[in-house]
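K.L.:
compute the structure for the input listed below.
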Amino acid sequence: MTSFPKPASKLIVAALLAGGATLALAVPAAGRDRQQPAANAPPQLHLSPAALAAARPAQAAVQANNPAAAEPLVAALEAASTLDGDKYVAALLRYQLESQKAHAAQVANPRATVDEASQAAPLDSLIANPATPAADRGKYAARRGEIAYAVRQYPQAIQFFTQARTLGFTDANLDLAIVKAKIDSGDVAGGTAELEHIIAASTARGERAPVEYYRYAIGRSNKAHLTQQTVAWMNRYAAAYPVGQTWYEVLVTYGFQQDATARLDNPQKIDLFRLMRATGGLADQYFYIEYAQKAQNAGLPLEAQAVLREGLANGKIPAANTEARAMQVELTRAIAAEGSLVRLETQANAAANGQLAGQTGDAYLSTGNYAKAATLYRTALTKGSVDADTINTRLGIALARSGDKAGALAAFAAVHGSPRADIASFWTTYLNAPAAAATPAAPAAPSPAPAGN
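P.N.:
Numbering: from 1, shown residues only. Predicted coordinates for the structure are as follows:
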């Protein structure tokens, strides 16, 4: 999975500087020295005489981008400020001055971490000041959230980002910044719930959210060991981008890498491999050979042979692969020694319980005789003494492969225990996926490395 875009947006900084570059300054009218402008007043600021006298040279120095000259002038303005209008101008010029200092420091040493904490105080003043134009408060809050996030003050960042959104500030990164801050604070469920809302909004607009959103949610949920949430995000990702690359990422992350979502036994892995094969997600020779080995060990030589032949035919298993060639020889012998499935079927139908019917259904499933497999799985369920979740999973696979979508969905819906229910959910997503969808962008990071046997 991939990392998520950082929340800091220099567009916000640019908007702040551009929005406050020019101030209309005026002395308060007679008799209104201490009155604040009405809410619907024009955006002309009324300053006390002392503050106005200090503000004009301070503003000129800041606009000239001369921090050395501006520093004492802004300090003098701050000392002279008594009215809300005075304090608004002083805070805005202080913020611009501190931003200029930070930018100069970064230009001087691009590799150094720039301390932006000095911008926090003037931003706090701007957000709280009733003289601050309502249209600007949101962008000040957003910038304040960025500064808090940069020093890992995640609760404060969430507070300011949320305040910015409430105040009507819009920026492409704002909602994502809330997601990132929540998750980095430890609230993975809350952060991914925010991300789900973002994706839902994209869907409502007729757009698909970027693949990185899904990968990020899966990676962070998996890291937090939120299994059911991880599985839900995997299914959302596969539903949005139902192609082989997506299924490869999802299924490897779920059951085949070192830090996999679930610990699967070999029969469960075989059913996951079957889905990987059906979706075109078998990526390379490792997965083909691993699948074939597990099928061979489970007494399913015909399926193992079919998997190897497929991998050799499409070139994903090199023709010179000695392991694959040796397995082919072994499988040819095993197939020659196979008994009659018809005889086993007769015995299964006569048996007191469903165990032999389930095993014979497995054999038929491995040969591609899905109708026979489905019949025997149903017999196994009727006779009992079998693991119903396993049998229903494989009944669903048999029906899915035979083209009976409705029957397959019903069988998968009858699977309840984990991890079988997760596997059934993936098959359900596969069946419900649209016939065609655009290929997702390539992962920003290498695909998960598979675990050992």
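
K.L.:
give me phi/psi at Glu338?
P.N.:
With angles defined as degrees, to the nearest 10, Glu338 sits at phi -70, psi 140.

K.L.:
residues contacting it?
P.N.:
Glu338 sits next to 301-302 when contact means CB atoms under 8 Å, 6 or more residues apart in numbering. (C-beta placed from N, C-alpha, C; glycine too.)

K.L.:
where does the prediction get shaky in the stretch 1-150 of the chain?
P.N.:
Within the stretch 1-150 of the chain, the stretches with pLDDT under 70 are 1-44.

K.L.:
repeat the analysis, applying 50 as the threshold.
P.N.:
Within the stretch 1-150 of the chain, the stretches with pLDDT under 50 are 1-22, 26-42.

K.L.:
and the strands in it?
P.N.:
25-26, 45-46 (DSSP state E, counting those that start in this stretch).

K.L.:
where's the last one relative to the chain centroid, distance-wise?
P.N.:
Mean-position distance between strand 45-46 and its chain equals 47 Å (CA atoms, centre = their mean, to the nearest Å).

K.L.:
cool, and stretch 244-255?
P.N.:
That offset, for stretch 244-255, works out to 14 Å (CA atoms, centre = their mean).

K.L.:
quick check: buried residues in it?
P.N.:
Using 16 or more other CB atoms under 10 Å as the test for burial, stretch 244-255 gives 245-255.

K.L.:
Tyr291: which element?
P.N.:
Under the criterion of DSSP states H and E, Tyr291 resides in helix 285-297.

K.L.:
next structured bit after that helix?
P.N.:
Downstream of helix 285-297, the next assigned helix or strand under DSSP H and E is helix 301-313.

K.L.:
elements contacting that next one?
P.N.:
Using 3 or more CB pairs under 8 Å, 6 or more residues apart in numbering; DSSP states H and E, the elements in contact with helix 301-313 are helix 285-297, helix 322-336, helix 355-367.

K.L.:
what's next to the last one, contact-wise?
P.N.:
Looking back up the chat, that one is helix 355-367. So helix 355-367 is in contact with 295, 298-300, 302-303, 341, 344-345, 347-349, 351, 370, 372-377, 379-380, 383, 385-386, 390-391, 394-395, 397-398, going by CB under 8 Å, 6+ apart.

K.L.:
write the ChimeraX selection for whichever of those are buried.
P.N.:
The following ChimeraX line selects those of the contacts of helix 355-367 that are buried, judged by 16+ other CB under 10 Å:
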select :295,298,300,302,303,341,344,345,348,351,370,372,373,374,375,376,377,379,380,383,386,390,391,394,395,397,398
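
K.L.:
where's Ala283 relative to Gln245, distance?
P.N.:
Distance of Ala283 to Gln245, computed by CB to CB, to the nearest Å: 8 Å.

K.L.:
same check, this time on Ala320
P.N.:
27 Å.

K.L.:
likewise for Leu302?
P.N.:
29 Å.

K.L.:
same question, Leu431
P.N.:
From Leu431 to Gln245 the distance is 19 Å (CB to CB).

K.L.:
kindly report the same for Arg144.
P.N.:
Per CB to CB, Arg144 is found 40 Å from Gln245.

K.L.:
what's the answer for Glu303, then?
P.N.:
Per CB to CB, Glu303 is found 24 Å from Gln245.

K.L.:
mind putting the helices and strands packed on helix 301-313 in TSV, distance to Leu97 and mean pLDDT included?
P.N.:
Output for the helices and strands packed on helix 301-313, formatted as TSV (distance: least, CB to CB, whole Å; pLDDT from 0 to 100):
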stretch	distance to Leu97	mean pLDDT
helix 285-297	59	96
helix 322-336	68	94
helix 355-367	73	97
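
K.L.:
in what helix or strand does the closest residue to Gly358 other than its chain neighbours lie?
P.N.:
Counting by CB to CB, 6 or more residues apart in numbering, Gly358 lies nearest to Ala380, which is 3.9 Å off, once chain neighbours are set aside. Under the criterion of DSSP H and E, Ala380 resides in helix 370-383.

K.L.:
got the CA positions of that helix in PDB?
P.N.:
The C-alpha trace of helix 370-383 is given here as PDB (Å, rounded to 0.1, in the frame of the first residue of the first chain):
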ATOM      1  CA  TYR A 370     -18.600 -27.600 -11.000                       C
ATOM      2  CA  ALA A 371     -22.100 -29.000 -11.400                       C
ATOM      3  CA  LYS A 372     -21.000 -32.300  -9.800                       C
ATOM      4  CA  ALA A 373     -19.100 -30.400  -7.100                       C
ATOM      5  CA  ALA A 374     -22.100 -28.300  -6.200                       C
ATOM      6  CA  THR A 375     -24.300 -31.400  -6.000                       C
ATOM      7  CA  LEU A 376     -22.000 -33.100  -3.600                       C
ATOM      8  CA  TYR A 377     -21.500 -30.000  -1.400                       C
ATOM      9  CA  ARG A 378     -25.200 -29.800  -1.000                       C
ATOM     10  CA  THR A 379     -25.300 -33.500  -0.100                       C
ATOM     11  CA  ALA A 380     -22.500 -32.800   2.500                       C
ATOM     12  CA  LEU A 381     -24.500 -30.000   4.100                       C
ATOM     13  CA  THR A 382     -27.700 -32.100   4.200                       C
ATOM     14  CA  LYS A 383     -25.900 -35.100   5.800                       C
END
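
K.L.:
show me what it packs onto, helices and strands only.
P.N.:
Secondary-structure packing of helix 370-383 (3+ CB pairs under 8 Å, 6+ apart): helix 341-350, helix 355-367, helix 388-402.
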